[in-house]
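Peer 1: I would like the atomic coordinates for the input below:
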Amino acid sequence: MATDPGQHYMALAEALVRHPGASMEQLAHAIGVSRATLHRMVSSREDLIRTLSDYAYVKCSQILDSLKLDEGPADETLERMVAALNPNANLFLFLHRHGLAQKRSQLEDDWLEQRRMLVAFFQRGQEEGTFRVDIPASWLVEALSSLLRAAGEAAYEERLARADMNHMVCSVLLDGARRRSS
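Peer 2: Residues are numbered from 1 along each chain as shown. Predicted structure coming up:
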């Protein structure tokens, strides 16, 4: 296994998504390290969940910061955002299934800041005429989050090819499910 802690964290998140009840020994085996090595990384399962939750937040923050959500056409920015977030689908599935259950005020405050950034992004798109104005920007954030999670779940369960995730999320979010007349 690579020495980059981020690669270990991504592998641990995937292992927990695939086997939520795995023991620390099983998790260590899943990522190719000894149990002692895993315990040097994290002291307990609770510490593992907290560490992975923190890592997911940092990773998401880095992605959102790198995208410059206030620049460029909103629809193109959305497509870049989805493309940047989808490679981390297992990390976000982990968060949805495990990490968010850990109620920690700092993490919740951090996620609220990210949510504010995304609401502002969708508001900008509405003001530019790219996104619908009959749906609140805050709900568009919920829709994006749900579509990303659904695409991650479908890819994980092999009902959707990973290569199709970006198209599916952007297409449904930008165009909706209503059939358009030709």
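Peer 1: List the contacts of residue 114.
Peer 2: 57, 60, 61, 64 (C-beta atoms under 8 Å, 6 or more residues apart in numbering). Every residue, glycine included, has its C-beta placed from N, CA and C.
Peer 1: who touches stretch 23-40?
Peer 2: 1, 8, 11-12, 15-16, 18-19, 22, 41, 44-45, 48.
Peer 1: Output the lowest mean pLDDT helix or strand found in this protein.
Peer 2: Ranked by mean pLDDT, DSSP states H and E, the weakest helix or strand in the chain is helix 89-97, scoring a mean of 77.
Peer 1: Please state the offset of it from the chain centre?
Peer 2: Mean-position distance between helix 89-97 and its chain equals 6 Å (C-alpha atoms, centre = their mean, to the nearest Å).
Peer 1: Okay, buried residues for that helix please.
Peer 2: Under the neighbour-count criterion of 16 or more other C-beta atoms under 10 Å, helix 89-97 has 89, 90, 91, 92, 93, 94, 95, 96 buried.
Peer 1: try stretch 17-28
Peer 2: Buried residues in stretch 17-28 (16+ other C-beta under 10 Å): 17, 22, 27, 28.
Peer 1: The nearest residue to residue 153 once chain neighbours are set aside and residue 147: what is the separation?
Peer 2: On the basis of C-beta to C-beta, 6 or more residues apart in numbering, the spatially nearest residue to residue 153 that is not a chain neighbour turns out to be residue 93, at 6.6 Å. Distance from residue 93 to residue 147, counting by C-beta to C-beta, to the nearest Å: 13 Å.
Peer 1: now the host helix or strand of residue 109 and helix 89-97, what's the angle there?
Peer 2: With secondary structure defined by DSSP states H and E, residue 109 is part of helix 105-127. Angle between the axes of helix 105-127 and helix 89-97 is 120 degrees (criterion: axes from the mean of the first three to the mean of the last three C-alpha atoms, to 10 degrees).
Peer 1: tally of neighbours for residue 161?
Peer 2: 11 (other C-beta atoms under 10 Å).
Peer 1: in what helix or strand does the closest residue to it other than its chain neighbours lie?
Peer 2: With C-beta to C-beta, 6+ apart as the criterion, residue 161 has its nearest non-adjacent residue at 7.2 Å, and that residue is residue 155. Using DSSP H and E, residue 155 falls within helix 137-156.
Peer 1: Output the contacting helices and strands for that helix.
Peer 2: helix 74-85, helix 89-97, helix 105-127, helix 165-175 (3 or more C-beta pairs under 8 Å, 6 or more residues apart in numbering; DSSP states H and E).
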